[in-house]
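Visitor: Next one to model:
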Amino acid sequence: MIDSKNGRTDIFEGDLKGRLGGLDSAEYQRTAADGKFSFRDRKEGYVVIVAHDNGCAVADKEEVASGTITLKPWARVEATLMCGDQPRVNQAVSLLGGGYSCSGWDAEKPIPLFQTPAKSDEHGKAVFEKVYPEIDHFLEMSTYTTSPVDDFLNVIRLAQVRFLPQPGETCKVQVGGIGCPVIGKVVLSDEFQAKIQWNYANITLSSVDTTVPQPDYTHLPIPPEIDRNDRTAVMQWYWKWVKETEDGKAFYRNENAFNMQCDEEDGTCPVVLGISMDAPINPDGTFLVDDVTPGTYKVSFRSFQPKPGSEIQPNRTGSISTRDTFENRWSEPIITVPPIPGKQTNTPFNAGTIRIVL
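Guide: Below you'll find the model as predicted:
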C-alpha cells in the first residue's frame, strides 16, 4: 500500500517482494491463504498494489472499500530496438510507467512508479513479462555524455515511446527503424548565443497532435506582479492556475491532448501516446537525431551549464545552485518530418535552421 504521504514509490520488475521504496516506506505484506489482507486505517488518499503470478491490480480507496479487489491478467511487452536498418544490440532500455509518465499527482489516488530494466539481445529484442495493464507506460533508451570541461554527466534519451498496454495482451513496440535521421541547426537569440556552452546543450523532439489547437503560451494570464523572467515564480503560478481555475483546467486538458499525453482528470489515454527523443548539439549549433518517425514535432532546447564562480550563491531553499538552466519551455517551434517511402530510410531529412527563443 502507498499513500499520499509516501511521495515517489518505485516498484521494480512487477513483482513487489517487499522492495517498495519511496520518501517514506510503503507498507508491504503477503495475503492470507484466502486472499485476505488488512492495513491500518488511513485518512489520506491511498492505493493498494497487488502482484500475483496470475495477475495484478492497482486498487483505489473505493475498490478496497468494496471488499473485493479483482486481479487483471498481466500485460506483456515485446520491444524491438533499431538504429536505422540495424538492430541495437546489448542496448540498455527501461520500461517505465505510472508516475514516471504522468506529470500530475492526485493526493486522493497516489500514482506508483513502475520500473523494469532490460537489455536487448543480438536481434535488438527486449521482452517484459510482467507489466501492469491500463497504466500509461513508456520505453526509454538512454546513453550518457560527459562534458569535457568539468565531467558533468548528461543523460541523452535516444528514444522514448509511450503506449498503454492492455490486460492479457502482448504489446509489440518498435523503437527506431521506422523513420529517418533528422538534421538541422539551432540558432539562439543574440543575448543567449554568446552565453551558451554548447557541450551542455540538448535538443528534444516530441510528437504532437496537430488536430488539437496548439497551446498559446504567449497569452497566459500571468499576474503583472509576477516576473515573467522568473521561471520558478511563473511555474508556481502555472500549476496553481491549472489545478484551481476552470480556465486553467481547460488549458491543461488542451495542452495534454496536443502533447499526446494522458488526460489526468478522467484518466483516459490514447493507445499510442507519443514519441520523444534527445540529441546533443554541436559547437556550431548543428544536430543529428537518429530515426525520427514521420510526423509533427515540437522542438525544445535545454542547457545546464556551470555558473561563473562570482554568481554562485544560495537559492531560496538555502541550497547552492551551481548551474544555470536555459530552456524554451513556453515557446517550442514546430517541425514536420514528411512521409518516407517504405518504413525507414538512412537519408537525412534537413529541418533547416531552427530559431529558439529563450
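Visitor: next structured bit after the worst-scoring helix or strand of the chain on mean pLDDT?
Guide: Every helix and strand of the chain was ranked by mean pLDDT, DSSP states H and E. The lowest is strand 21-22, at a mean of 48. Next along the chain after strand 21-22, taking DSSP states H and E as the criterion, comes strand 46-52.
Visitor: CA-only coordinates of that next one, as PDB, when you get a sec.
Guide: Output in PDB follows, covering the C-alpha atoms of strand 46-52 (Å, rounded to 0.1, in the frame of the first residue of the first chain):
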ATOM      1  CA  TYR A  46      -4.000   5.700  -1.000                       C
ATOM      2  CA  VAL A  47      -3.800   2.800  -3.500                       C
ATOM      3  CA  VAL A  48      -3.200  -0.900  -2.900                       C
ATOM      4  CA  ILE A  49      -0.900  -2.600  -5.400                       C
ATOM      5  CA  VAL A  50      -1.300  -6.400  -5.800                       C
ATOM      6  CA  ALA A  51       1.100  -8.700  -7.600                       C
ATOM      7  CA  HIS A  52       0.400 -12.400  -8.200                       C
END
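Visitor: partners of it, with directions?
Guide: Strand 46-52 has the following strand partners under DSSP bridges: strand 2-3 (antiparallel), strand 55-60 (antiparallel).
Visitor: Average pLDDT for the shortest one, rounded please.
Guide: Read it as strand 2-3. For strand 2-3, mean pLDDT rounds to 62.
Visitor: out of the strands paired with strand 46-52, which comes closest to Glu78?
Guide: Closest of the strands paired with strand 46-52 to Glu78 is strand 55-60, at 18.5 Å (criterion: CB to CB). Every C-beta, even on glycine, is put in place using the N, C-alpha and C of the backbone.
Visitor: Report the buried residues of the helix or strand that that closest one is followed by.
Guide: Going down the chain from strand 55-60, the next helix or strand is helix 61-65, by DSSP H and E. Under the neighbour-count criterion of 16 or more other CB atoms under 10 Å, helix 61-65 has 61, 64 buried.
Visitor: elements contacting helix 61-65?
Guide: Here helix 61-65 touches strand 46-52, going by 3 or more CB pairs under 8 Å, 6 or more residues apart in numbering; DSSP states H and E.
Visitor: still on that earlier bit, would you turn the strands paired with strand 46-52 into TSV with mean neighbour count?
Guide: Below are these laid out as TSV (neighbours: other CB atoms under 10 Å):
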stretch	mean neighbour count
strand 2-3	24
strand 55-60	19
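Visitor: In JSON lines: these, plus distance to Thr353.
Guide: Compiled in JSON lines, the strands paired with strand 46-52 are given as follows (distance: least, CB to CB, whole Å):
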{"stretch": "strand 2-3", "distance to Thr353": "47"}
{"stretch": "strand 55-60", "distance to Thr353": "46"}
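Visitor: among those, where is the model least confident on average?
Guide: Across the strands paired with strand 46-52, strand 2-3 has the smallest mean pLDDT, namely a mean of 62.
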